[in-house]
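In: Need a 3D model of the following:
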Amino acid sequence: MDLARPEVAGGEDRTGSRKGNAARLGLMAVPVAFFAVFFAYPVAAIVRRGLKDDGAWHVGRIADVLGQSDIRHVLWFTTWQALASTALTLLVALPGAYVLARFDFPGRQVLRAVVTVPFVLPTVVVGTAFLALVGRGGLLDELWGLRLDTTVWAILLAHVFFNYAVVVRTVGGLWSQLDPRQEEAARMLGASPLTAWRKVTLPALAPALAAAALMVFLFTFTSFGVVQILGGPTFSTLEVEIYRQTSEIFDLSTAAVLTIVQFLAVGAILAVHAWTVRRRETALKLVDASLTARRPRGAGQWALLAAVLATIALLLLLPLAVLVQRSLTAPGFGYYRALTDADGGTFLVAPIHAIGASLSYAAAATAVAVVVGGLAAAALARRDSGRIVRGFDALLMLPLGVSAVTVGFGFLIALDEPPLDLRQSWMLVPLAQALVGVPFVVRTMLPVLRAVDVRLREAAAVLGASPWRVWREVDLPMVRRALLVAAGFAFAVSLGEFGATVFIARPDNPTLPVAVARLLSRPGDLNYGQAMALSTILMVVCAVALLVLERLRTDRSGEF
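Out: Sure thing, here's the model as predicted:
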């Protein structure tokens, strides 16, 4: 009997492993189906429509398109500005990451929320804010006659504004958990502060630095709203060029080739990013972040804190303040009151209708993103994931980098026949928005799910609980706060999605970002003022959501 027990236990382990794998595959089924239907299918439809003619594939069009001098210039500018934006963002944001990770001072948590607000703002609002600061008639133009719109500097500064929080959260989150005694030991052995940081801290931060740099590069490589508003006709990224080729020139062949190029580039970036994230998770022994922060000491540290606060005030708060100020220039809140009037030109309804439509769309998109992303995070929670599961993890990140313009236009082309004829359905916009929300849900919930003691799940399973009951009674109580944070992030990014919804939002039901872009495209002070007013409303909604999330959030190690 004793000899048989290991065999029985081994059989039980194998049975449990098979059940666990089956449960994981079951959890992956819904996310895989969602991405297959609403991401892969529309993108493939665009590529097929552009490269297939009369039943034959014309692969030679790829070489023809890439051989055009103007397309090569777009590729060069897209890459160059992404590299420059990444380097500038790291240079500006790393001091802020250190201050928020290592210094304890009044208002620290509020400041963390403040620096995150630009990241969840729609790119249209970011472009509008910088237009009010550096554009024609903007603050700099009025004070010193200085205009930076239609220059590359406006684009670079806007990208730093937008991605500052990526560095602060990704690098600062790890920095706050590094044991400071290691660097102090190097100092005691005679190393200078710079040498100790370079030899001890920098190698430990390298995975987080690489992850942050790759994410900033990804977001700036695929930049659309910022470049479209601030770059004018002079500058065009791949994303802007895809939009121009599909909506203005109607050249689907060129758009398809550019989509393939962007897809391959983004896939390579995400593969490297996934590797850096795994290194960050496994290479270091971390400590409680609450034990590493202390009050600044000495004139140098207080000066550093003051410099970071000044940078945040000038780079992050000033554009938003100018945006609010411009929305209030008309007497008696004139621009806000004008939002209730339908002029019949820009919209079929009053612009204020976009507020209710956006909130409804974002709520539906959040529900979809939480269900799909929650199932995906549960499937990925085990660390002993194979290559297929890790590939699925990378797949979930693709919507952040693949052209949202392509997805939106692909919705119109692909989802036009039963049983997927959704062109007249109000759910078309929330489905597109949910694609962008799912990665944030996964990245917010995954670290918390992986922190749940696996022995609790095993004990519940031994007592006869089904996988669903284990999730409901073990995991859910522990991750409830993370679930609320994930829902909040999904709501904020859905509210600001622009690239896809600019194609599929109906004229009688526009979203806030689409309404802002349409108002900016029309001449006249009234249209400009209404764009500023709508942007201010959208900014306030996103800021309130972020402040609530910061109060709910307990885990600081996640990427977002």
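
In: Correct me if wrong: A186 contacts V200.
Out: Yes. A186 is within contact range of V200, at 5.1 Å (criterion: C-beta atoms under 8 Å). Where you see a C-beta, it was placed from the backbone N, CA and C, and this is true even at glycine.

In: For the stretch 1-150 of the chain, which segments count as strands?
Out: Along the stretch 1-150 of the chain, the stretches classed as strands by DSSP state E, counting those that start in this stretch are 52-53, 56-57.

In: Out of the ones you listed, which is closest to W468?
Out: strand 52-53 (43.6 Å; C-beta to C-beta).

In: Could you list the paired strands of the closest one along with their orientation?
Out: Using DSSP bridges, strand 52-53 pairs in its sheet with strand 56-57 (antiparallel).

In: if I pick T259, what's in contact with it?
Out: 43, 46-47, 50, 242, 402-403, 406 (C-beta atoms under 8 Å, 6 or more residues apart in numbering).

In: tell me the contacts of the spatially closest residue to A531 that is not a sequence neighbour?
Out: Spatial nearest neighbour of A531, excluding adjacent residues (C-beta to C-beta, 6 or more residues apart in numbering): L519 at 3.9 Å. L519 makes contact with 346, 351, 527-528, 530-531, 534, according to C-beta under 8 Å, 6+ apart.

In: at 6 Å instead, please
Out: Each residue near L519 by C-beta atoms under 6 Å, 6 or more residues apart in numbering is listed here: 527, 530-531.

In: what helix or strand is it on?
Out: Per DSSP states H and E, L519 falls inside helix 512-520.

In: related to what we said a few turns ago, farthest-apart pair in the contacts of T259, please.
Out: For these, the farthest-apart pair by C-beta to C-beta is G50 and V402; their separation is 15.1 Å.

In: Poorly predicted segments of the stretch 51-200 of the chain, please.
Out: Applying pLDDT under 70 to the stretch 51-200 of the chain flags residues 54-55.

In: ranges for the helices of it?
Out: Secondary structure of the stretch 51-200 of the chain (DSSP state H, counting those that start in this stretch): helices located at 60-66, 69-102, 108-120, 123-134, 139-144, 152-175, 180-188, 193-196.

In: wait, which of those is closest to M215?
Out: When these are compared by C-beta to C-beta, helix 152-175 sits nearest M215, at 5.2 Å.

In: I'd like to check what contacts that closest one. Which residues are they?
Out: Residues from elsewhere that reach helix 152-175 (C-beta under 6 Å, 6+ apart): 84-85, 88-89, 92-93, 96-97, 100-101, 115-116, 118-119, 126, 130, 134, 148, 208-209, 211-212, 215-216, 219-220, 226-227, 230-231, 315, 556-557, 559.

In: Which among those residues count as buried?
Out: Among these, those buried by neighbour count (16 or more other C-beta atoms under 10 Å) are 85, 88-89, 92-93, 96-97, 100-101, 115-116, 118-119, 126, 130, 134, 148, 208-209, 211-212, 215-216, 219-220, 226-227, 230-231, 315, 556-557, 559.

In: Show me the residue at the heart of this protein, geometrically.
Out: In the chain, the centroid-proximal residue (C-alpha atoms, centre = their mean) is L400; its distance is 6.2 Å.

In: Provide a list of residues in contact with that residue.
Out: Shown in contact with L400 (C-beta under 6 Å, 6+ apart): P439.

In: Would you check how far apart it and V442 are?
Out: Distance from L400 to V442, counting by C-beta to C-beta, to the nearest Å: 11 Å.

In: cool, L156 as well?
Out: 30 Å.

In: more neighbours, these two?
Out: The neighbour comparison of L156 against V442 (other C-beta atoms under 10 Å) goes to V442, with 27 against 20.

In: State the phi and psi torsions of the more buried one.
Out: Per-residue torsions, V442: phi -60, psi -50 (degrees, to the nearest 10).

In: shouldn't it be in contact with L375?
Out: No. Between V442 and L375 there is no contact under C-beta atoms under 6 Å: 9.7 Å.

In: Show me just the buried residues among the contacts of T259.
Out: Among those, those buried by neighbour count (16+ other C-beta under 10 Å) are 43, 46-47, 50, 242, 402-403, 406.

In: Let me know the closest of those to R294.
Out: Nearest to R294 out of the buried ones among the contacts of T259 is V402 (C-beta to C-beta; 43.1 Å).

In: residue contacts, the closest one?
Out: For V402, the contact set (C-beta under 6 Å, 6+ apart) comprises 263, 266.

In: what do you get if the cut-off is 8 Å, keeping everything else the same?
Out: Applying C-beta under 8 Å, 6+ apart, we find V402 in contact with 39, 43, 222, 259, 262-263, 266.

In: Columns secondary structure, distance to L111 and pLDDT on top of the residues you listed, output as CSV?
Out: Output for the contacts of V402, formatted as CSV (DSSP: H, G, I helix; E, B strand; the rest coil; distance: C-beta to C-beta, whole Å; pLDDT from 0 to 100):
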residue, secondary structure, distance to L111, pLDDT
F39, helix, 36, 88
V43, helix, 39, 83
T222, coil, 28, 83
T259, helix, 39, 82
Q262, helix, 35, 82
F263, helix, 37, 78
V266, helix, 32, 79
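
In: and which of these is nearest L435?
Out: Nearest member of the contacts of V402 to L435, counting by C-beta to C-beta, is F39, at 5.8 Å.

In: Let me know whether that closest one touches A404 as I believe.
Out: No. If you go by C-beta under 8 Å, F39 and A404 don't touch, sitting 10.7 Å apart.
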